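A.B. asks: Return atomic coordinates for the entry below.
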Amino acid sequence: MGNFLKLARAAFGRTPFHLVFFVTSRCNARCKYCFYWNQIAAKDKPEELSLQEVERVAANLPNLGYLTLTGGETSMRQDVVEVAEAFYKKSGIRIASYHTNGFLKDKIIADVSAILDRCPELAVDVCVSVDAVGEKHDRLKGVPGAFDKAISTIESLKRLHARNGRLGIFTVSVFCASNRSDDILEAHRYLADMGVRNGISLIRNASKEEGEFDVDMNEYLRLFEELERIRPKGDNAADYPLFSFRDAIESFKGQLIAETASRRRQLVPCVAGLRSIVLGEDGTLYPCELLQKRYGNVRDCGYDPMALVNSEKGRAIRRGIVNKECYCTWEILIALSTLYCPRVYPRVVGHRLRQVFMNWDERR
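C.D. replies: Numbers count the residues shown, from 1 in each chain. Below you'll find the model as predicted:
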């Protein structure tokens, strides 16, 4: 009950509920579809926020509920455990996600184990990137042996989950021109047999190779619906409040993403820049991952993100979002915006009920 109340207060408070933190731009993969490739490829990388600076940021976000740790490659930041602990102790987060390509198994397992030990009320979702099976995945990642490394890491995470139910394991496959339905379905079935939930992420239009964005949204929607029918054998999801409702939204969001891309406009009021904000590894604050308008840098405002969000420039950016001057298909934000849009709940519930009846009918 305590975690439920904490999440409820964070979700409906006046400060952000969700922070995406790019902990580093260093990466040991070279994904051909990467939207962060400019930062990863840069030779002269900006100075990353130090742990002491991160602690000051965390102290200025006292009602945060959900933290996403990403990059770059999350495991390549040496003090990522301390980063998570800072947000747990100073911001009060109760859910964290750790995004990784799964290459550095020992470091990832050590990180996740330490975060769970040091943050006793925190649910931790580890999201491993698995685009395809075998050499096809290796080619997409630009690293030989990438698939075997990711699967080995998932197996180790499953053993950790068996000892600690606060750990959840997820995977994600990127849907792009060179990774279509057949490859993703093969990966999804492989992962379902492992008892791991797999989702799809639509290619970003800022990807390294422009042609990768040439995709059929009808194919995307059909794939999303097909993936929903293939449930994992067993379940390695984390145990935390409101997971069932979040799962229902996750199941519905594919339809909303496809509609958004087809109509080229926001279909639910976007909460970017208010309920969710994005912090770059160098301290630059953004309203979201795709809208490249910058609030500014936390180093210039006493490490207080809300000073930037509530500035004249910040309010102007937020007005543009509210006035629907932009739209996007970023999965995390579509799901979060749905949470804050009760008028969509009947569609979410209806979609879930149709799935339940469909699965029941298939089992008969």
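A.B. asks: Give me the buried positions along stretch 113-132.
C.D. replies: Using 16 or more other C-beta atoms under 10 Å as the burial criterion, the residues of stretch 113-132 that qualify are 113, 115-116, 119, 122-132. No exception for glycine: its C-beta is placed from N, CA and C like everyone else's.
A.B. asks: same thing with stretch 54-65?
C.D. replies: Under 16+ other C-beta under 10 Å, the buried positions of stretch 54-65 are V54, E55, R56, V57, A58, N60, L61, N63, L64, G65.
A.B. asks: avg pLDDT for it?
C.D. replies: Across stretch 54-65, pLDDT averages out at 96.
A.B. asks: first to last residue in that stretch, what's the distance?
C.D. replies: End-to-end distance for stretch 54-65: 16 Å, by C-alpha to C-alpha, to the nearest Å.
A.B. asks: rewinding a little: quick check: the two most widely separated of the buried residues of stretch 113-132?
C.D. replies: Farthest pair in these (C-beta to C-beta) is C119 and A132. Separation: 33.5 Å.
A.B. asks: Show me where this structure has its helices.
C.D. replies: Here the chain has its helices, by DSSP state H, at 2-11, 37-41, 51-59, 80-90, 105-118, 135-141, 146-163, 181-193, 217-229, 243-263, 305-309, 312-322, 331-339, 345-363.
A.B. asks: Which stretch among those helices approaches V174 most closely?
C.D. replies: Closest approach to V174 among the helices of the chain (C-beta to C-beta): helix 135-141, 7.7 Å.
A.B. asks: Would you mind pulling the contact partners of that closest one?
C.D. replies: Helix 135-141 is contacted by residues 29-33, 101, 129-132, 144-147, 150, 174, 178-179, 183, 187 when judged by C-beta atoms under 8 Å, 6 or more residues apart in numbering.
A.B. asks: Could I get the contacting residues of L116?
C.D. replies: L116 makes contacts with L122, V124, L160, N164, R166, L167, as judged by C-beta under 8 Å, 6+ apart.
A.B. asks: how close does L308 get to E85?
C.D. replies: Distance from L308 to E85, counting by C-beta to C-beta, to the nearest Å: 24 Å.
A.B. asks: And for N101?
C.D. replies: 23 Å.
A.B. asks: ok, those two, which is more surrounded?
C.D. replies: N101 (24 against 20; other C-beta atoms under 10 Å).
A.B. asks: Ramachandran angles for the more buried one?
C.D. replies: Main-chain dihedrals, N101, degrees, to the nearest 10: phi -90, psi -10.
A.B. asks: Show me the shaky parts of the stretch 251-364 of the chain.
C.D. replies: For the stretch 251-364 of the chain, the stretches with pLDDT under 70 are 355-364.
A.B. asks: ugh, wrong one, the stretch 101-250 of the chain
C.D. replies: Looking at the stretch 101-250 of the chain by pLDDT under 70, you get 205, 234-244.
A.B. asks: Please produce CSV containing the helices of the chain, extended by distance to S25.
C.D. replies: Listed next are the helices of the chain as CSV, based on distance: least, C-beta to C-beta, whole Å:
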stretch, distance to S25
helix 2-11, 28
helix 37-41, 4
helix 51-59, 15
helix 80-90, 14
helix 105-118, 17
helix 135-141, 17
helix 146-163, 19
helix 181-193, 27
helix 217-229, 28
helix 243-263, 26
helix 305-309, 19
helix 312-322, 23
helix 331-339, 19
helix 345-363, 35
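A.B. asks: Between the ones you listed, which one is closest to T24.
C.D. replies: The minimum distance between T24 and the helices of the chain falls on helix 80-90, with 8.5 Å, by C-beta to C-beta.
A.B. asks: Which positions in that closest one come out as buried?
C.D. replies: For helix 80-90, a neighbour-count test (16+ other C-beta under 10 Å) marks V80, V81, V83, A84, E85, A86, F87, Y88, K90 as buried.
A.B. asks: Turn those into TSV, columns for distance to K107.
C.D. replies: Converted to TSV, the buried residues of helix 80-90 look like this (distance: C-beta to C-beta, whole Å):
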residue	distance to K107
V80	9
V81	10
V83	14
A84	14
E85	16
A86	19
F87	20
Y88	20
K90	24
